[in-house]
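Sequence first, then the predicted structure, then my questions.
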Amino acid sequence: MNGTGRNLVRSGAVLAVLAGAGSLIVATLPAYATQVGSTGCANQTVTPWRAVRHISPPRGDVFMVGVSPVRPADAWALGQVIYPQTAKPLIEHWNGTQWSQVALPARVRRQFNDTDFWDAFGASSGGNVWAFALNGHYLRLQGTRWTAGFLPNPGTGAVEVESVKVFSRTDVWAFGARVNGTKVRPYAARFNGSTWTEVPVPGRLDISAVSAVSAHDMFAVTGVIASAIGPAIRPHVLKWDGTRWRALAVQPRLRAGAVIYTIAAQSNAGIWIGGSTAPAMKQTLNLVKHWNGRTWLSATPSSTRPAGSQAVVSLVPDGCRGIWGLAANLSSAGLERIWRHGANGWSGPTRVPWTLTTLAAIRGTTSAWAVGQVKVNGRFHGVIVLHGTVPGRRDTVGKS
């Protein structure tokens with residue numbers, strides 16, 4: 001989930017809402033929280049998470065699924081507006097002062113419909129932004145021009161996109177699965193500035209989420225789609241070394257049925273994965289493991305057994321050599337909690353009044369964005385949430 005990535009749980013949560021599982025928390029947005037002192041590393045657990053953007057168009061429900069910071073004064077967020085008969089993509093842009101909705105050209109908007117469930121998002125600059133629907137339909141900003149297209153699919157089975165990595169205009173990756181009935185195979189495609197080329201990936205599971213130390217050093221986790229449509233699986237961690245994808249030599253020990261939704265690679269000797277344990281008593285529990293360069297250590301935050309099924313769906317660096325973790329209740333959305341792992345282990349959790357879908361670190365700072373939604377007066381409104389100092393010129397709350 002990171003960064004953009006689906007993870008599939010994000011889409012699943014929204015689909016459950018659309019199917020009538022109206023269990024999201026009903027609340028008004030909290031009052032805007034004034035910054036508490038400076039937000040150096042010592043204040044990571046003092047500064048509150050607060051909503052700085054509330055997206056509520058005249059009609060329709062808003063679901064935010066991804067956020068991609070390019071730099072402190074340039075970030076992009078992806079969502080969609082669900083209308084009674086159709087659905088349309090929603091793009092938001094942070095310019096260092098405020099968030100505002102990006103107007104897509106009519107010629108581009110007409111190419112999308114309710115079969116395009118927006119899911120993966122990435123940007124390397126303000127003129128190189130990519131948004132992907134689950135079915136491989138994409139929206140691209142090249143310079144100042146928006147275009148639309150489809151990932152090539154010369155093989156058998158439908159392509160389903162779960163994650164994207166955007167390094168430059170000539171190096172873009174899309175990851176996910178080829179799905180043919182109950183058969184799932186990994187899918188990775190790379191864009192070189194002019195054409196997409198499918199890249200071989202080992203294994204028999206989909207690529208769920210990807211994290212990059214650099215363009216030549218990526219790590220991925222597998223199995224979210226496979227776990228949803230097939231028997232109990234064992235997720236794997238894969239590595240891209242600049243030439244090929246291969247299974248990491250030492251794999252985390254996971255029970256069959258465990259699902260890994262997110263990965264955060266801080267270095268080759270600092271990798272975090274998050275997800276859920278195998279079902280027990282019709283529940284799943286949070287799961288976190290940490291690779292220290294020698295072995296995989298159990299790093300799950302300790303807590304009392306909550307009601308419902310739990311999963312860690314997003315992990316991102318906190319800018320202080322630590323990690324943020326977003327834990328979701330998969331059976332009762334709206335009970336999200338945020339943990340932080342620092343020098344003394346886990347602190348938290350902080351319960352938030354929004355249904356958050358993903359976190360995103362703002363490089364070079366100790367701040368982070370998050371996106372999600374909240375139910376207000378029977379409708380779902382999109383929210384963009386911030387932790388830490390405002391990454392730009394000044395703190396402005398936007399509302400549409």
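Yes, it's here. Keep in mind that this is a model prediction, so the values were computed, not measured.

my guess is V199 contacts F191, does it?
No. With contact taken as C-beta atoms under 8 Å, V199 and F191 are classed as non-touching, separated by 10.8 Å. For the C-beta atoms, the positions are set from N, CA and C on the backbone; glycine is no exception.

ok, the two, which is more surrounded?
Using other C-beta atoms under 10 Å, the more surrounded residue of V199 and F191 is F191, with 19 against 15.

doesn't W99 make contact with A77?
Yes. With contact defined as C-beta under 8 Å, A77 reaches W99; the gap is 7.3 Å.

Return every residue with contacts to both of the two.
Residues within reach of A77 and of W99 at once, by C-beta atoms under 8 Å, 6 or more residues apart in numbering, are E92, H93, I384.

low pLDDT regions in the stretch 151-300 of the chain?
Within the stretch 151-300 of the chain, the stretches with pLDDT under 70 are 231, 279-282.

rerun that using 80 as the cut-off
Low-confidence regions of the stretch 151-300 of the chain, defined by pLDDT under 80, span residues 153-156, 230-232, 278-283.

quick one: the strands in it?
Here the stretch 151-300 of the chain has its strands, by DSSP state E, counting those that start in this stretch, at 158-168, 171-180, 183-191, 196-198, 207-214, 217-222, 237-240, 245-247, 259-267, 270-276, 286-291, 296-298.

Now distance to W118 too, for those strands, in TSV please.
Output for the strands of the stretch 151-300 of the chain, formatted as TSV (distance: least, C-beta to C-beta, whole Å):
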stretch	distance to W118
strand 158-168	10
strand 171-180	13
strand 183-191	18
strand 196-198	19
strand 207-214	16
strand 217-222	21
strand 237-240	25
strand 245-247	26
strand 259-267	18
strand 270-276	23
strand 286-291	27
strand 296-298	33
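
right, and those - which one's nearest V312?
strand 270-276 (3.2 Å; C-beta to C-beta).

With just CA atoms, put that closest one into PDB.
Coordinates of each C-alpha in strand 270-276 appear next as PDB, following Å, rounded to 0.1, in the frame of the first residue of the first chain:
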ATOM      1  CA  GLY A 270      16.100  -2.500   6.600                       C
ATOM      2  CA  ILE A 271      12.900  -4.000   5.100                       C
ATOM      3  CA  TRP A 272       9.500  -4.000   6.700                       C
ATOM      4  CA  ILE A 273       6.500  -6.000   5.600                       C
ATOM      5  CA  GLY A 274       3.000  -5.800   7.000                       C
ATOM      6  CA  GLY A 275      -0.200  -7.700   6.600                       C
ATOM      7  CA  SER A 276      -2.300 -10.200   8.600                       C
END
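
so L78 bridges to which residues?
For L78, the beta-bridge partners are G66, I91 (DSSP bridges).

one step back: which of the shared contacts of A77 and W99 lies closest to W369?
The nearest member of the shared contacts of A77 and W99 to W369, counting by C-beta to C-beta, is I384 at 6.6 Å.

Tell me how far the helix or strand that contains R53 lies from the chain's centre.
Taking DSSP states H and E as the definition, one finds R53 inside strand 50-55. In terms of C-alpha atoms, centre = their mean, to the nearest Å, the gap separating the centre of strand 50-55 from the centre of its chain is 18 Å.

got a list of what the nearest residue in space to S68 that is not next to it in sequence touches?
Counting by C-beta to C-beta, 6 or more residues apart in numbering, S68 lies nearest to A123, which is 4.5 Å off, once chain neighbours are set aside. A123 makes contact with S68, V70, W76, V129, W130, V166, according to C-beta under 8 Å, 6+ apart.

in terms of contact, does the last one touch R190 like I think?
Spelled out, it's V166. No. The criterion here is C-beta under 8 Å, and V166 misses it with R190 at 11.3 Å.

Please identify which of these two sits among more neighbours.
Neighbour totals were compared for V166 and R190, and V166 leads with 22 against 16 (other C-beta under 10 Å).

does the closest residue to that one other than its chain neighbours count as helix, strand or coil?
Leaving out its chain neighbours, the residue that sits closest to V166 by C-beta to C-beta, 6+ apart is G122, at 3.7 Å. At G122 the chain is in strand, as set by DSSP: H, G, I helix; E, B strand; the rest coil.
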